[in-house]
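**Student:** Curious how this folds, go ahead:
(chains A and B)
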Amino acid sequence: MNYESILLYFLNTAYDIYPEEYNGRDCISVKIQIGDKEVILTHICVSEFTCLPVFLLRDAGEYGRLAHVQILDNGSLGAICVNDSEAVSVNFQRPELALEESLRRHIKLLKRVMCDPVWNRKELLREFKSEWDRIAPGTDHKLVCSAQSGVLEEMEILQPAKEQNYGIYRCLVGISESNSDLNCLSYLKGEQKRQKANGPGYIIPLESLEPAPLDGQSLPAWFLDAIGRIPGKLKDQFQRKLAQFRANQFYLVFNAPTPSGVTWFGLHLSSRKKGVLPQKKERLGLWEFKRLPVDVLNKELIMPRSGANPTLDKKKVLLIGCGSVGSELALKLGSAGVGELNVSDPDTYSLSNIYRHTLNKRFVDVPKSIGLSMMLSISYPWISAFPEKGKLLSFKDCPDLINHMDLIIIAIGSPTHERLFHEYLVTNKTKTPVINTWLEGHGIGGHATLDIPGSRGCLGCAYIENETGRPGLSSNLNFFEPNQSIVKNYAGCGETFIPYGAIHSTQTALIAADLAISYLEGKITTSQKVSWKGQSDGAVANCIKLSDRYNIFRESLVPEPLYNPLCKKCRGEPVITYTGGKYTIHVARDLVDSWDGYRQITQEAVESAGLLIGHRENDKEIWLDGITRPKATDINKRNYFKLDDRAHQEDIDSVFAESAQHRGYLGTWHTHPQDHPGPSPVDTEDWIKHNEQNTDRPLFFIIIGRKSIKAFMLEKGPLTELTEIS
Amino acid sequence: MSIQIHFNTFNKKIYLTNRSEAYKKAKQKDQSILDAIKAKFVEEEYPVQESFLQGSFAVDTAIVNVEGDHDIDRAVAIKEEDAPTDPVKTKKTVLAVLENRGFKNANVKIPCITADYLSLNLHIDYTVYLKDGAGDYKLAVGKVGSSEENKKWAESDPRGLLEWISGSDDYGLSSAVKRLQYKRLVRYLKRWRDVTFSDAVKEKIFSIGLTVMIKHEYRPDYFETEVEDDLTALKKVVDNILSLSANYFILASSSPVQYRVSVRLPRSPYTSIFRHKDGAGVWTDGSAKNTGTQLRNQLVSLQEKLSKALDETDVIKQCKILNGVFGDDFEIPDQPSSNNSNSPVGKTASAAFPTAGVVGTSQGASAV
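**Tutor:** Numbers count the residues shown, from 1 in each chain, chains lettered A, B, ... in the order given. Down below sits the predicted model:
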């Protein structure tokens, strides 16, 4: 580090910076005025700045207790915590600027803690826990305790499990009287045997706090003061119930309010002679006081702090399929905080799964569902994880279970079974939403659909065949053309597999989990689909043909409506049906609903216009199933409009491509400020022009009046007004 | 205050720290000698308890030497109970180390041990202290041939002296700005000395003498939060030094008019910084007449030139006068430069980085 240039940089500034040798080390020091005090900050020279340059406060012990200043070397220095250094990026090319910025932050912080005693005290209390954690000596083992609330109560203390050198097994465990959550208890106790400790544990709420003591010698005095801070109404209970108990050891877990919420911390008392908790100064000497490191398993505290959503705690999910996608999905749902997870799979875990499955060697030859539910239980304290062994279709026999669920997720990769199951759910009018998720091999991508009963869009929408517009065997979401062999054969029948890696199964699990969590959180309320699209080189190398959707797809990870207008079940009955020439023309409900909003009822309302989108059921039946809406670039006047044709064309093109050329342009619509409208000469001239450019299809023209709608048709012949038949 | 930018540039040119690239080798030497002395002191059973810099590096008033020489002023302290009765013994230990390591002219002087390292133009100045239980220092005084009564552990307050020089208790508001100006003025006058006097006189006008005088005579307005420009401040300091009431110059002979300069250490042992041998060969307070007379005459001449510079309104003409005072490191600009004396780095500041070098939280483990 070139300190010469740094010093030169500061030379003619107002900073009183100078090089110095402090305790035999090269330093750079700065004298600054804070309030009426002159303080010296010293930076010990380093070979490079890997974080914001550090300054130490000289003679830190002379300024009283300062928040964010940790006293070192008996008060001759203080380490100042100005920020979380790793979260700041340093401009290594301009170290002097980094030093200046750091200095600014140090000065700002010191000014605040030294000149604003109220703030200083507040900050001292805010950092109570981290100060407390620095007190030496601490006990050898940490105490993990369950505490649903901070009320005064007793805990049973269990010693660390024998012959376990890591994990929660090494910790003391405290089970509070009031804890009745079995999942949490089994998470705490684990599968290992633990012996009862030689004394009780108490949870003690305090009304207020003083800043944490600086060292172990101050703990007894601190303890006496703390006992005095037990809220008045609890004192009696404390004296009667807890303070009478004689033991060699006491494990005390305190909780108290601080400016950053309730803080929890512990104290351990031990004595060779049994006794009651000391409450008088002269009794303190009989006891050894140590800081007891404490972790509290408290749902309200831990779940948000570690990234879960506590509101998902009441949600129940059935996951069918615990393969590479399903197992990953289960863990993601668990980590989101889902309260109940039923996982089902008929298979057992084997070594051929190891590289893309989340289970490990402990679970070889164990049913995947059992392995997965164990994994969930040891990962998340409050989850209820239940294994099921059934295949998807066997759940047809469990309507109660299905109806009990908030969401069903199917990750079995078998379209036939999935659609049969879907039929079953529809037939039985099941209200439980279903997510289906699957991936395609060679890293090309993966998909998920969310079918919410009562919301338009169903699993069937994802299976309308591109060629025919009818329900087909393969999903229209797929990126591979249907009817190709994707699997690789490893050892004949039963030993085939789809080539993909854990990245691909995980990515697929992520889009499905995101969809699931968004639904459970109430952020998604309609049926959706989502895909991720990967690179095509693997597919190309294996001569696998890609679908048109692969080529046009741009919206990886973004949920889109699942509804496909070609799906007869979701489309519903037409709201108007016309005849004209040889055609029967159906108008879908949502078109009419949209038009209602554009009717020129008021004096100011302008003419609105757009294009008609539709598809052909057969030679004679036509569905108008979509429109383009007015664009900002259109011109819309009271009696006149002009479309920006390019903008509308783009909409048409994407609908056309997305539906595999099934849905396309079929005419125009516009409003008139008339009750019962008729075409103007400008209209008819325009329509004729359109018709001349689209000789391969009939075109329809709809005028929305204030009270009625009129429809016209042009093919090869005169303008024909359509007749409404229902 | 447009002359200030030129003083800033000058300050930057003469500024020297022991972190400078030019000083790197000297610093390595410093460290290696210190390590060797520590090892030797352990052998002699009076291990070094602490070591600290003295002199201009310790108070950040060092300047680039015109001839490229480097100084090291270093102190080592041993425990009182380890200290031999004869202080010169410890100084001989230092001397032996220096001689072993290729130093020339190694010499035990009354207050210190000096030596030169020719290839590095390095002049070294070592002092040995003992530190008693109360934390007070005593200096190892005496030469190899000194009589017993002249060899002693003499009371001294080296740390106190450094603190006095760096102190700003008398500066009042915005003391930092004033202390910075004080340090600049010391650098300026040291450079003035280096370019003004002959070698023989120069080495008698000790930096500590100038530093102490300037410290006494720099008296910024207690209630002002800003300082005057360096030219005005320097002129006032020179005026004060020369004023009769300051009493630094003692008339030693009236025909011809000759002076001695006399300044005391402001901290223990409070002795006179400048001394001369009297007719009986005894060291006596006050400098030699030649030193005092020349210093006074040149200060008077400096006072006149500064006064002329102050009267001058044209910056280039001011710089010409100051160039005459301080030498070529005080540059004469080709044309009037912008009135930008507030710029932290003068005219070499890069426009490409107007903002700080550190940006706030970026990605990662989020706000915690």
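
**Student:** Just checking the distance from the longest helix along chain A to the centre of its chain.
**Tutor:** Counting residues, the longest helix in chain A under DSSP state H turns out to be helix A:95-115. Its chain's C-alpha centre and that of helix A:95-115 lie 36 Å apart, by CA atoms, centre = their mean, to the nearest Å.

**Student:** can you check stretch A:34-47 too?
**Tutor:** 44 Å.

**Student:** related to what we said a few turns ago, any buried residues in the longest helix of chain A, and which?
**Tutor:** Residues A:95-103, A:105-107, A:109-110, A:112-114 are the ones in helix A:95-115 that count as buried (16 or more other CB atoms under 10 Å in any protein chain shown). Just so you know, the C-beta spots here come from the backbone N, C-alpha and C atoms, and that holds for glycine as well.

**Student:** now swap in stretch A:588-608 and tell me
**Tutor:** Applying 16+ other CB under 10 Å to stretch A:588-608 flags A:588, A:590, A:591, A:592, A:594, A:595, A:598, A:599, A:600, A:606, A:607, A:608 as buried.

**Student:** what does the helix or strand that contains the second one contact?
**Tutor:** Here residue A:590, judged by DSSP states H and E, is contained in helix A:589-596. The contact list for helix A:589-596 (CB atoms under 8 Å, 6 or more residues apart in numbering or on different chains) reads A:572-576, A:624-627, A:629, A:669, A:671, A:702, A:704, A:709.

**Student:** what about the residue nearest to residue B:133 when sequence neighbours are not counted, neighbour count?
**Tutor:** Leaving aside its sequence neighbours, residue B:133 sits nearest to residue B:80 (CB to CB, 6 or more residues apart in numbering or on different chains; 6.7 Å). When counting by other CB atoms under 10 Å in any protein chain shown, one arrives at 18 neighbours for residue B:80.

**Student:** pretty sure residue A:297 contacts residue A:147?
**Tutor:** Yes: when contacts are counted by CB atoms under 8 Å, residue A:297 is listed as touching residue A:147 (7.4 Å).

**Student:** circling back to that earlier point, now narrow the buried residues of helix A:95-115 to whatever sits close to chain B.
**Tutor:** A:95, A:96, A:97, A:98, A:100, A:101, A:102 (CB under 8 Å from any CB of the partner chain).

**Student:** can you put the buried residues of stretch A:588-608 in CSV and add distance to residue A:715 and pLDDT?
**Tutor:** Shown next, in CSV, are those (distance: CB to CB, whole Å; pLDDT from 0 to 100):
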residue, distance to residue A:715, pLDDT
A:588, 22, 88
A:590, 26, 83
A:591, 21, 88
A:592, 24, 88
A:594, 25, 88
A:595, 23, 91
A:598, 26, 91
A:599, 28, 91
A:600, 29, 90
A:606, 31, 89
A:607, 26, 89
A:608, 26, 90
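
**Student:** of all these, which two lie farthest apart?
**Tutor:** A:588 and A:606 (25.1 Å; CB to CB).

**Student:** residues touching the residue lying closest to residue A:61 once chain neighbours are set aside, list them.
**Tutor:** Distances taken as CB to CB, 6+ apart place residue A:75 nearest to residue A:61, at 2.2 Å, with adjacent residues excluded. The neighbours of residue A:75, taking CB under 8 Å, 6+ apart as the test, are A:59, A:60, A:61, A:62.

**Student:** how many neighbours does the residue of the stretch 601-726 of chain A found nearest chain B have?
**Tutor:** As assessed by CB to the nearest CB, chain B sits closest to residue A:654 within the stretch 601-726 of chain A, at 33.7 Å. By other CB under 10 Å, 12 other residues sit near residue A:654.

**Student:** Contacts only, for it.
**Tutor:** Applying CB under 8 Å, 6+ apart, the residues near residue A:654 are residue A:552.

**Student:** Helix, strand or coil: sort out it for me.
**Tutor:** Here residue A:654 is helix, with the state taken from DSSP: H, G, I helix; E, B strand; the rest coil.

**Student:** thought residue A:636 was touching residue A:604?
**Tutor:** No: counting by CB under 8 Å, residue A:636 stays clear of residue A:604, with 11.5 Å between them.

**Student:** residue boundaries of the strands in the stretch 351-500 of chain A?
**Tutor:** A:384-388, A:407-410, A:434-440, A:445-451, A:488-489, A:496-497 (DSSP state E, counting those that start in this stretch).

**Student:** Which one of these lies nearest to chain B?
**Tutor:** Across those, closest to chain B is strand A:445-451 (CB to the nearest CB), at 26.1 Å.

**Student:** Would you mind listing the buried residues in stretch A:355-374?
**Tutor:** Buried-residue list, stretch A:355-374, by 16+ other CB under 10 Å: A:356-359, A:363, A:366-374.

**Student:** what's the span of it, first residue to last?
**Tutor:** End-to-end distance for stretch A:355-374: 19 Å, by CA to CA, to the nearest Å.

**Student:** I figured residue A:564 hits residue A:459, correct?
**Tutor:** No: using CB under 8 Å, residue A:564 is not in contact with residue A:459, being 10.6 Å away.

**Student:** Count the neighbours of residue A:699 for me.
**Tutor:** 20.

**Student:** again but with residue A:308, I slipped
**Tutor:** Residue A:308 has 20 nearby residues by other CB under 10 Å.

**Student:** try residue A:91
**Tutor:** There are 17 residues near residue A:91, going by other CB under 10 Å.

**Student:** All the helices of the stretch 351-500 of chain A, residue numbers only.
**Tutor:** A:368-379, A:399-404, A:415-427 (DSSP state H, counting those that start in this stretch).

**Student:** Could you give the separation of stretch A:68-86 from the chain centroid?
**Tutor:** The answer for stretch A:68-86 is 36 Å, by CA atoms, centre = their mean.

**Student:** Alpha carbons of it, in PDB - could you do that?
**Tutor:** Extracted in PDB, the C-alpha atoms of stretch A:68-86 (Å, rounded to 0.1, in the frame of the first residue of the first chain):
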ATOM      1  CA  HIS A  68     -20.100   0.500  18.700                       C
ATOM      2  CA  VAL A  69     -16.700   0.900  20.300                       C
ATOM      3  CA  GLN A  70     -15.100  -2.200  21.600                       C
ATOM      4  CA  ILE A  71     -12.400  -1.600  24.200                       C
ATOM      5  CA  LEU A  72      -9.100  -3.400  23.500                       C
ATOM      6  CA  ASP A  73      -5.900  -3.500  25.500                       C
ATOM      7  CA  ASN A  74      -7.300  -2.300  28.800                       C
ATOM      8  CA  GLY A  75      -8.700   0.800  27.300                       C
ATOM      9  CA  SER A  76      -5.700   2.100  25.400                       C
ATOM     10  CA  LEU A  77      -7.500   1.400  22.100                       C
ATOM     11  CA  GLY A  78     -11.000   1.000  20.800                       C
ATOM     12  CA  ALA A  79     -12.200  -0.800  17.800                       C
ATOM     13  CA  ILE A  80     -15.000   1.100  16.100                       C
ATOM     14  CA  CYS A  81     -17.700  -0.700  14.200                       C
ATOM     15  CA  VAL A  82     -18.700   1.700  11.400                       C
ATOM     16  CA  ASN A  83     -20.400  -0.800   9.200                       C
ATOM     17  CA  ASP A  84     -20.400  -4.300   7.900                       C
ATOM     18  CA  SER A  85     -17.100  -4.000   6.100                       C
ATOM     19  CA  GLU A  86     -17.700  -6.900   3.600                       C
END
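
**Student:** what about it, average pLDDT?
**Tutor:** Here stretch A:68-86 scores 83 as its mean pLDDT.

**Student:** quick one on the thing from earlier: any chance of a markdown table for the buried residues of stretch A:588-608, columns distance to residue A:694?
**Tutor:** Shown next, in a markdown table, are these (distance: CB to CB, whole Å):
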| residue | distance to residue A:694 |
| --- | --- |
| A:588 | 21 |
| A:590 | 24 |
| A:591 | 20 |
| A:592 | 24 |
| A:594 | 23 |
| A:595 | 22 |
| A:598 | 24 |
| A:599 | 27 |
| A:600 | 27 |
| A:606 | 27 |
| A:607 | 23 |
| A:608 | 22 |
